[in-house]
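**Q** coords please:
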Amino acid sequence: MAQYYLSKGHQVSGSDLVASEITDLLKKKGVEIFIGNSAENIKQDLDLVVYSPAVKKDNPELLQTTNYKLQTKSYPEALGDLTKEYYTIAIAGAHGKSTTTAMIGLVLTAAGLDPTVIVGTKLKEFSAQGGPASGWGSNFRAGNSKYLVIEACEYDSSFLNYSPKIIVVTNVDKEHLDYFKTFANVKKAFKNFILRLPLDGYLVFSDDKYIPKIAKPKFKAFRYSAKQKEFSKVKKILQVPGKHNVLNALAALKVAKLLGVLEKTALKSLSEFKGTWRRFEERQVQILNFTPRGTGKFQIVIDYAHHPSEILATLKAAREKYKTEKIWCIFQPHQHQRTYYLFNDFVKTFRKVPIDQIIITDIYDVAGRETKTINNEVSSEKLVKKINRKNVSYLPMENLEKYIKENIKNGQVLIIMGAGDIYKLADKF
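**A** Modelled structure (predicted):
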């Protein structure tokens, strides 16, 4: 959103609790960045203040907006306003939103439809305009057409603010239970989102077992699945591994068809898709002081998976790609509440994943979304104990780099997994 307003010629400033690649990117684009939340960051002449749903009501900056009587909107409200100005394609689902949004954005771009795209991760294909040197581009594309492609998150029922013409639902799963409390509430939210489609709208959905049960739409609905004839064709051309990514691509193919894009144009774009930041992001690394064995090379895969279903899909894809290599996985659980609500699902997943060695490190705390009661009830040590497998162990974050350097061997694969700051470990090698 910051990049969108910037592209329209507005002066933009913003704050975050910690610096990151995203804040660095925004700073280089001309956004005034403040690290830390402080009332002084809010100026009296601001026309609009946009805040994350994770920001608490007693946040000093939010309180200052009240003192100054400034116009404020949550991120979903501000994005919702934009969706009314465009022909909006909104991609929702517990898993696969970012990749599917990226694929659709790139396919429409390749077809000359010049969409504006707002996605939850960075793409190499989207120019960073002076962004970080990691090679990744931006999570935003400024277009000049009527089309807007957005990632529509269900957390805090955010997607109920949007007014799309096309909705894609990749799947429905037990996610964000810290907010929804029950799976029934998750399904109800998705039903209400789907019902936001106008009568001339389109629903594109996967063969997820829950979706047909939660909405019986009056509008046109199109289903995609692993059983359709295009599945094998798409699987052959995709560079990103895993059945889940083939399904994501089939969703993009269906949207492209609805908008009149030629199949050959869509398939060519999908075949060139190199993935997104922290979604099965592959790096080959070399350790010069590979104690005690001298120089060694191994493959690192950085992945954002943090829900049991995502973890299983990603690790299956890894085994499919690296058939004979020994695979290590370091997983950082994301948020105490998620770990608490999905504890048994995590246990089941890690008992059956086809990975040689699994290390679970400390849980990543999410600011504004944790409670002391739950924090005391769940831990990575308790999770490892319950999993009770010889190849699954706990290791604190500060010991990971040394342990890997001393134990990983030449030619092996290391998967660094989680939605927190665990990805920074890859830069140590």
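**Q** ok now the longest helix anywhere in the chain, how far from the chain's centre?
**A** What stands out as the longest helix in the chain, according to DSSP state H, is helix 243-258. A distance of 17 Å separates the C-alpha centroid of helix 243-258 from that of its chain, computed with C-alpha atoms, centre = their mean, to the nearest Å.
**Q** which residues sit against it?
**A** Helix 243-258 has contacts (C-beta atoms under 8 Å, 6 or more residues apart in numbering) with 89, 91, 95-96, 99-100, 103-104, 107-108, 111, 166, 168, 170, 202, 204, 206, 222, 224-226, 228, 230-231, 234-235, 238, 263, 265-267, 270, 273, 280, 313, 316-317. All C-beta spots, glycine's among them, are computed from the backbone N, C-alpha and C.
**Q** Mark which of the residues you listed are part of strands, please.
**A** Members of these lying in strands (criterion: DSSP state E): I89, I91, I166, V168, Y202, V204, F222.
**Q** now for these, which pair is the farthest apart?
**A** I91 and F222 (14.1 Å; C-beta to C-beta).
**Q** And for F298, the neighbour number?
**A** 22 (other C-beta atoms under 10 Å).
**Q** Would you check that it makes contact with G411?
**A** Yes - the pair F298 / G411 is scored as a contact, 6.5 Å apart, by C-beta atoms under 8 Å.
**Q** which of I91 and F222 has more neighbours?
**A** Using other C-beta under 10 Å as the criterion, I91 and F222 rank with I91 on top: 33 against 15.
**Q** contacting residues for the more buried one?
**A** So I91 contacts K97, T100, T101, I104, V149, I150, E151, A152, V168, T170, A251 (C-beta under 8 Å, 6+ apart).
**Q** Just give the number of residues close to the last one.
**A** Spelled out, that is A251. Residues near A251, counting by other C-beta under 10 Å: 25.
**Q** May I ask you to confirm that V149 belongs to a strand?
**A** Yes - assigned with DSSP: H, G, I helix; E, B strand; the rest coil, V149 falls within a strand.
**Q** ok, what's across the strand from it?
**A** V149 has the following beta-bridge partners by DSSP bridges: I89, V117.
**Q** What is the neighbour count of it?
**A** Neighbour tally, V149, other C-beta under 10 Å: 32.
**Q** Surely it touches G105?
**A** Yes - using C-beta under 8 Å, V149 is in contact with G105, at 4.7 Å.
**Q** list the residues that contact both of these two?
**A** With C-beta under 8 Å, 6+ apart as the test, V149 and G105 both reach P115, V117, V119.
**Q** List the contacts of the second one.
**A** Taking C-beta under 8 Å, 6+ apart as the contact definition, V117 lies against T101, A102, G105, T109, F126, F140, R141, G143, L148, V149, I150.
**Q** what do you get if the cut-off is 10 Å, keeping everything else the same?
**A** 89, 101-102, 104-106, 108-109, 123, 125-126, 138-143, 147-151 (C-beta atoms under 10 Å, 6 or more residues apart in numbering).
**Q** any idea of the pLDDT on V366?
**A** Confidence at V366, expressed as pLDDT, is 73.
**Q** swap that for T72, please
**A** Value listed for T72 in the pLDDT field: 95.
**Q** I'd like the distance between it and N245.
**A** Separation of T72 from N245 (C-beta to C-beta, to the nearest Å) stands at 38 Å.
**Q** The two - which one has more neighbours?
**A** N245 (26 against 17).
**Q** Buried residues, whichever strand or helix holds Q3. List them.
**A** Secondary structure assignment for Q3, by DSSP states H and E: helix 2-7. By 16 or more other C-beta atoms under 10 Å, the buried positions in helix 2-7 come out as A2, Q3, Y4, Y5, L6.
**Q** Now do the same contact list for the first one.
**A** By C-beta under 10 Å, 6+ apart, the contact set of A2 is 10, 12-14, 22-23, 25-26, 29, 31, 33, 50, 140.
**Q** Put the buried members of the residues you listed into a ChimeraX selection.
**A** To isolate the buried ones among the contacts of A2 in ChimeraX, judged by 16+ other C-beta under 10 Å, type:
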select :12,14,22,23,25,26,29,31,33,50,140
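**Q** and the contacts of A2, which of them are in strands?
**A** Those of the contacts of A2 lying in strands (DSSP E): S13, G14, I33, V50, F140.
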